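K.L.:
Need a 3D model of the sequence below.
(4 chains)
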There are 2 protein chains.
Amino acid sequence: MLKYQQIAIEIEKFIEDHTLQQGDKLPVLEKLMTQFEVSKSTITKSLDLLEKKGVIFQVRGSGIFVRRHKRKGYISLLSNQGFKESLEDFNITTKVIELEVRKPTQEAAHNLNIEPDNDVYYVKRVRYINGQTLCLEESFYNKSIITYLNKEIVSESIFNYIREGLGLKVGFSDLYLRADKLKEEEAKYLGLKKGEPKIYVETIFHLTNGQPFDFSKVSYNYEQSQFFIQANSHFL
Amino acid sequence: MLKYQQIAIEIEKFIEDHTLQQGDKLPVLEKLMTQFEVSKSTITKSLDLLEKKGVIFQVRGSGIFVRRHKRKGYISLLSNQGFKESLEDFNITTKVIELEVRKPTQEAAHNLNIEPDNDVYYVKRVRYINGQTLCLEESFYNKSIITYLNKEIVSESIFNYIREGLGLKVGFSDLYLRADKLKEEEAKYLGLKKGEPKIYVETIFHLTNGQPFDFSKVSYNYEQSQFFIQANSHFL
DNA sequence: GAGTGGTCTAGACCACGAC
DNA sequence: TCGTGGTCTAGACCACTCG
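P.N.:
Purely as a prediction, here's the structure:
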């Protein structure tokens, strides 16, 4: 574990343990440097990480403050992988509808940046939150990267398996979102009516080296799903 | 202008000018250091900025590569202020429905962190993209921060005015998103039917010092609006 | 093993905010 | 004016990728 990561974790823990609220002030840089016995830039790096995560904000000439959003039960659109973090207090279960190796659709091949005759794992699942339908998910995994999947893996967290089991490093993802009307079949899986609203999200997941390995299409039950994003305007 | 910002802009310009594509390699750190005549950490800071913006990704032991999302016409949910950047090729116009000083709703007061008897500017607008309705927006501005607004300002970019006119610095924002059915009145403004889908977004905008100054509620025309997010999984 | 990005240090100096 | 965070440097050393 790197120093600046460790320190970030400890500061976050400090905020949790003391149940600090939005706007509460943290110790000054000088203090943190001596406390953790590291140089200024290391502390700065930790704080930048926490700022990116939306945990704190820094004000020049004034101090370092806790940033908190007030609402619970929202799915973070930034924390890349799964619902675990944002919905950890909720009971998420999964039903696998389909799992097989096949040739990709043209759309999937394009988004995964592979040829139409390369193999993909196709996974179709319904996910539930506290017994209610949360979403219907179709995913295409590049089989030359995700070399093996089975029903057991796919019933649990696929991303944990990718990291722990396959030893791959998940990097960045591109996420496209819109609203639309539910189609007959989607409505059936979600227990809603055709024509009712859905949030529809397509995501392309990449490894740290930039290779896309997963293209997924998810339709959310609008009654059960709400999302949040913490944005920073550092870039101009 | 700070060095690392300037360099970030120039690198981004370089990518534009040479129409580099996803995965194309940029010059190595060493090269960039000598080219811009700065130290390693300054270049690193520029690159981190561009990475956060989703312009590049860095791979240890390998190089610095261009990151591009392929789709056009999506509204970025991260670039905090307005549509300008993501929809700059489109013609955005605005119709002001209402503009007045009033007392906040309980909801607005809570989100702006003010008392119910403090004044707010209430602004209701419809925004159009290429002549089609894009969204219906209601905003509450804390009048003790945004001291003055008029119809002219509100017809244009309010955020430009806040920055240039009032000299305020916009910091971070919290954004809550879900799908829902259009109500009668909303449907009328958007030219859609009651019960059709909408994307509904509430946003709380803060100054760099953490003060919330704008609480806004926006209903998007689902036929005209699609969103994208570039996520990084640096945090663990 | 060569090449390349990432971490970390110690310290000088700068810019903003609050009093 | 002082306290506080932000920028920038020069350089040592580390860790990953790839041929």
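
K.L.:
how many neighbours does the closest residue to A:Phe36 other than its chain neighbours have?
P.N.:
Sequence neighbours aside, A:Ile7 is the residue nearest to A:Phe36 in space, at 5.3 Å (criterion: Cβ to Cβ, 6 or more residues apart in numbering or on different chains). From N, CA and C alone the C-beta is placed, and that goes for glycine too. Using other Cβ atoms under 10 Å in any protein chain shown, the number of residues around A:Ile7 comes to 22.

K.L.:
what packs against whichever strand or helix holds A:Ile7?
P.N.:
Using DSSP states H and E, A:Ile7 sits within helix A:3-17. Applying 3 or more Cβ pairs under 8 Å, 6 or more residues apart in numbering or on different chains; DSSP states H and E, we find helix A:3-17 packed against helix A:29-36, helix A:40-52.

K.L.:
Got the domain ranges for chain A?
P.N.:
Listed by automatic domain parsing, the domain ranges of chain A are A:3-66, A:75-228.

K.L.:
sorry, back to before: close to DNA strand D, is the helix holding A:Ile7?
P.N.:
No. Helix A:3-17 stays out of contact with DNA strand D when judged by Cβ under 7 Å from any atom of the strand, the minimum separation being 11.2 Å.

K.L.:
likewise stretch A:65-72?
P.N.:
No. Figure legend: stretch A:65-72 not in contact with DNA strand D (Cβ under 7 Å from any atom of the strand); closest approach 8.9 Å.

K.L.:
So which bits of that stretch are buried?
P.N.:
For stretch A:65-72, the buried set under the neighbour-count rule, 16 or more other Cβ atoms under 10 Å in any protein chain shown, comprises A:Phe65, A:Val66, A:Arg67, A:Arg68, A:His69.

K.L.:
partners of the closest residue to A:Pro197 other than its chain neighbours in the sheet?
P.N.:
Distances taken as Cβ to Cβ, 6+ apart put B:Pro197 closest to A:Pro197, at 3.5 Å, once the chain neighbours are dropped. With DSSP bridges as the criterion, B:Pro197 is bridged to B:Lys181.

K.L.:
so B:Pro197 touches A:Arg178, yeah?
P.N.:
No. The criterion here is Cβ atoms under 8 Å, and B:Pro197 misses it with A:Arg178 at 9.2 Å.

K.L.:
And those two? Which one has more around it.
P.N.:
B:Pro197 (26 against 22).

K.L.:
Could I get the full set of helices for chain A?
P.N.:
Using DSSP state H, the helices of chain A run over A:3-17, A:29-36, A:40-52, A:106-112, A:151-155, A:158-160, A:184-190.

K.L.:
can you list contacts of stretch A:106-115?
P.N.:
A:104, A:116, A:118, A:120, A:140, A:142, A:144, A:202, A:204, A:211-215 (Cβ atoms under 8 Å, 6 or more residues apart in numbering or on different chains).

K.L.:
Which members of those residues are classed as buried?
P.N.:
A:Pro104, A:Val120, A:Phe140, A:Asn142, A:Glu202, A:Ile204, A:Gln211, A:Pro212, A:Phe213, A:Asp214, A:Phe215.

K.L.:
The residue of chain A at minimum distance from DNA strand D - how many residues pack around it?
P.N.:
Minimum separation of chain A from DNA strand D (Cβ to the nearest atom of the strand) falls at A:Gly61, amounting to 2.9 Å. Neighbourhood size, A:Gly61 [other Cβ under 10 Å]: 5.

K.L.:
So for it, what's the pLDDT?
P.N.:
With respect to pLDDT, A:Gly61 has a value of 96.

K.L.:
Identify the residues contacting it.
P.N.:
For A:Gly61, the contact set (Cβ under 8 Å, 6+ apart) is empty.

K.L.:
DNA strand D contacts on chain A?
P.N.:
Counting by Cβ under 7 Å from any atom of the strand, chain A comes close to DNA strand D at A:26, A:28-30, A:40-41, A:44, A:47, A:58-64, A:169, A:208-209.

K.L.:
Drop anything exposed from those residues.
P.N.:
Using 16+ other Cβ under 10 Å as the burial test, the residues of chain A next to DNA strand D include A:Leu26, A:Thr44, A:Leu47, A:Gln58, A:Ile64, A:Thr208, A:Asn209 as buried.

K.L.:
Including distance to A:Lys124, could those residues go into a markdown table?
P.N.:
Below are these laid out as a markdown table (distance: Cβ to Cβ, whole Å):
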| residue | distance to A:Lys124 |
| --- | --- |
| A:Leu26 | 46 |
| A:Thr44 | 45 |
| A:Leu47 | 42 |
| A:Gln58 | 44 |
| A:Ile64 | 46 |
| A:Thr208 | 27 |
| A:Asn209 | 28 |
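
K.L.:
Mind checking which of these land in strands?
P.N.:
Secondary structure from DSSP state E places A:Gln58, A:Ile64 of those in strands.

K.L.:
tell me, which of the buried ones among the residues of chain A next to DNA strand D make contact with DNA strand C?
P.N.:
Applying Cβ under 7 Å from any atom of the strand, the subset of those adjacent to DNA strand C is empty.

K.L.:
which one of the buried ones among the residues of chain A next to DNA strand D is nearest B:Lys95?
P.N.:
A:Gln58 (39.0 Å; Cβ to Cβ).

K.L.:
tell me the contacts of that closest one?
P.N.:
Counted by Cβ under 8 Å, 6+ apart, A:Gln58 has contacts A:Leu47, A:Glu51, A:Ile64, A:Phe65.

K.L.:
that older thread, lowest mean pLDDT across the helices of chain A, which one is that?
P.N.:
Mean pLDDT is lowest for helix A:158-160 among the helices of chain A, at a mean of 91.

K.L.:
now that helix: how far from the chain's centre is it?
P.N.:
11 Å (Cα atoms, centre = their mean, to the nearest Å).

K.L.:
and it, what other elements does it pack with?
P.N.:
Using 3+ Cβ pairs under 8 Å, 6+ apart as the contact test, no helix or strand touches helix A:158-160.

K.L.:
so where is chain A shaky, pLDDT-wise?
P.N.:
Applying pLDDT under 70 to chain A flags the ranges A:80-89, A:234-236.

K.L.:
Please list the residues of chain A that sit near DNA strand C.
P.N.:
For chain A, the residues in contact with DNA strand C (Cβ under 7 Å from any atom of the strand) are A:2-4, A:37-42, A:45, A:59-62.

K.L.:
which of the residues you listed sit farthest apart?
P.N.:
Farthest pair in the residues of chain A next to DNA strand C, by Cβ to Cβ: A:Leu2 and A:Gly61, 29.0 Å.

K.L.:
now check stretch A:73-80, is it near chain B?
P.N.:
Yes. Using Cβ under 8 Å from any Cβ of the partner chain, stretch A:73-80 comes into contact with chain B via A:Tyr74, A:Leu77, A:Leu78, A:Ser79, A:Asn80.
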